[in-house]
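Q: Give the three-dimensional model of this entry:
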Amino acid sequence: MDRISTRWFHDNIFSERLGLTRREVEVLTWVTDGKTNAEIGEILDTSPRTVQKHLEHIFEKLGVGTRTAAAARARALTFSHESQIASLL
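A: Residues are numbered from 1 along each chain as shown. Got it, this is the predicted structure:
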């Protein structure tokens, strides 16, 4: 998938299934890439504290307690959804 369709894909999966906001999806995407709060804040032009608040909301919505668990859950959901789409092709 190209970057634009990947972004749309993630936005839809996580917004529809989990109720994440677009910004929370952006933060979660960077977390899965291994970025720190400071790095994510710089990328999104916001403070690391704001990134942390987004992560707290993400953790609550995903039912996890760590960024590693959030990243694992995101990857699992993405893989599951991609597999469903592939089976239809």
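
Q: Could you double-check that Arg17 sits in contact with Thr78?
A: No. With contact defined as C-beta atoms under 8 Å, Arg17 does not count as touching Thr78 (10.6 Å). Yep, even glycine has a C-beta here, placed from its N, CA and C like the rest.

Q: Comparing those two, which residue is more hemmed in?
A: Thr78 (17 against 12; other C-beta atoms under 10 Å).

Q: where does the nearest residue to Thr66 once chain neighbours are set aside land in three-state SS?
A: Leaving aside its chain neighbours, Thr66 sits nearest to Phe59 (7.6 Å; criterion: C-beta to C-beta, 6 or more residues apart in numbering). Three-state assignment for Phe59 (DSSP: H, G, I helix; E, B strand; the rest coil): helix.

Q: residue contacts, Phe59?
A: Contact analysis of Phe59 by C-beta atoms under 8 Å, 6 or more residues apart in numbering lists Gly65, Thr66, Ala69, Ala70.

Q: what's the spacing between it and Glu39?
A: The gap separating Phe59 from Glu39 is 19 Å, by C-beta to C-beta, to the nearest Å.

Q: Point out where this protein drops to low pLDDT.
A: 1-13, 79-89 (pLDDT under 70).

Q: what residue is smack in the middle of it?
A: Leu28 (2.8 Å; C-alpha atoms, centre = their mean).

Q: quick one: secondary structure of it?
A: Criterion first, three-state DSSP; result for Leu28: helix.

Q: got it, and Val64?
A: Here Val64 is recorded as coil under three-state DSSP.
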